[in-house]
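> No sequence on hand, only this structure:
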Ligand SMILES: [Zn+2]
Ligand SMILES: [Zn+2]
């Protein structure tokens with residue numbers, strides 16, 4: 001595919017889409033019903049449909065018996081960890097293998113023209129972004145993901161949470177699944193904003209931000225102080241009338257779905273004429289500029305509300321720089337008055 005039809009490449013090889021990052025059409029003005037109707041299938045397919053599929057696979061096929069989940073056992077924890085680790089290895093590994101190892105589309109549609117494997121850096125374990133990100137994902141965040149999962153299953157198995165059946169409450173449960181990505185954006189924005197407070201950033205979130213040019217393994221490369229509250233979002237289902245399938249939908253959207261912001265490419269070419277939309281641009285800009293785009297893909301664009309929305313354009317760049325200047329001036333004034 002010709003990526004220059006959709007964007008432009010600068011002298012350094014970095015590709016920028018012509019189309020700026022936009023919030024979901026429900027927030028765009030003037031309101032257009034046609035745009036909203038065109039957006040709905042993209043909201044559902046393929047990413048959210050995939051997370052629903054894996055949620056069903058886990059609950060209906062892969063989970064141990066509910067009797068055994070009613071008490072904590074190391075064998076259940078180990079089994080669930082292995083499932084998550086294999087799932088992530090296959091899912092993220094397939095993107096890594098095709099687009100970063102084989103480099104099947106080279107740097108077409110790639111925001112940052114460089115590949116992390118070509119640039120060893122001291123900030124990473126073994127000087128390698130890939131090894132560092134891989135180890136942190138598999139030995140820090142996925143164990144915490146499994147901890148949240150085991151606790152969630154224990155609560156359901158012991159009836160600590162309201163477990164509604166699909167046969168009688170299918171409408172409510174479908175609604176819960178449909179709004180879960182919107183709830184995720186709000187939860188993620190608040191948590192993310194919090195860990196950008198300088199002290200928390202320094203000790204916790206900076207680990208994730210070491211990857212300025214993120215790649216698939218960067219998705220869950222986190223300090224445990226970030227990984228645990230990040231994965232704990234799935235526990236919100238224990239506070240409302242819900243169902244394990246809905247809870248797994250959230251768990252997998254944040255676990256497997258973290259890859260969306262870290263794919264590094266706007267489109268992943270599948271054939272000569274077809275490509276998968278990555279939805280990665282908005283979070284890529286967060287990794288590039290740090291102090292913008294704390295939310296997700298714009299389903300609930302809180303960054304618009306708080307003035308931190310960066311759509312990738314020069315105008316957004318100017319606004320960001322003006323914000324930094326104001327912040328610096330305020331700090332200088334504060335410093336002098338002290
Ligand atoms: Zn990230
Ligand atoms: Zn951040």
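That came through fine. It should be emphasised that the depicted structure is a prediction, and the values quoted were computed from it without experimental measurement. Ligands and ions are numbered 1, 2, ... in the order given.
> which phi and psi does the residue sitting nearest the centre point of the chain have?
Central residue of the chain (Cα atoms, centre = their mean): residue 258, 2.9 Å from the mean position. Main-chain torsions, residue 258, degrees, to the nearest 10: phi -60, psi -20.
> Leaving out chain neighbours, which residue sits closest to it?
Once flanking residues are discounted, residue 258 sits nearest to residue 219: 3.9 Å by Cβ to Cβ, 6 or more residues apart in numbering. For the C-beta atoms, the positions are set from N, CA and C on the backbone; glycine is no exception.
> And that neighbour, how close does it get to residue 137?
Applying Cβ to Cβ, to the nearest Å, the value for residue 219 to residue 137 is 7 Å.
> Next: residue 266.
From residue 266 over to residue 137 (counting by Cβ to Cβ), the distance is 23 Å.
> same deal with residue 298?
Distance, residue 298 to residue 137, by Cβ to Cβ: 26 Å.
> Just the residues contacting stretch 294-308, thanks.
With Cβ atoms under 8 Å, 6 or more residues apart in numbering as the test, stretch 294-308 has contacts from 21-24, 27, 43, 181-182, 184-186, 188-189, 192-193, 196, 260-261, 279, 282-283, 286, 291-293, 309-310, 319, 323.
> how does it look with 6 Å?
For stretch 294-308, contacts defined as Cβ atoms under 6 Å, 6 or more residues apart in numbering pick out 23-24, 27, 181-182, 185-186, 188-189, 192-193, 279, 282, 292-293, 309.
> What about these, which one has the most neighbours?
Counting neighbours by other Cβ atoms under 10 Å, the top entry in these is residue 293, with 29 neighbours.
> Which pLDDT value belongs to residue 338?
In this prediction, residue 338 carries a pLDDT score of 68.
> Next: residue 329.
Checking the pLDDT column for residue 329, the value is 89.
> Would you mind telling me which of residue 219 and residue 137 has more residues around it?
Neighbour totals were compared for residue 219 and residue 137, and residue 219 leads with 27 against 24 (other Cβ under 10 Å).
> ok, so of the contacts of stretch 294-308, who is nearest residue 272?
For those, the minimum distance to residue 272 (Cβ to Cβ) is 22.4 Å, reached by residue 279.
> Have a look at this protein and report its longest helix.
Ranked by number of residues, the top helix in the chain under DSSP state H is helix 166-194.
> what comes up buried for the next helix or strand after it?
Note on helix 166-194: by DSSP states H and E, the next helix or strand toward the C-terminus is helix 198-200. Within helix 198-200, no residue counts as buried by 16 or more other Cβ atoms under 10 Å.
> need the helix or strand of this protein with the lowest average pLDDT.
In the chain, the helix or strand scored least confidently by mean pLDDT, DSSP states H and E is helix 314-337, which has a mean of 88.
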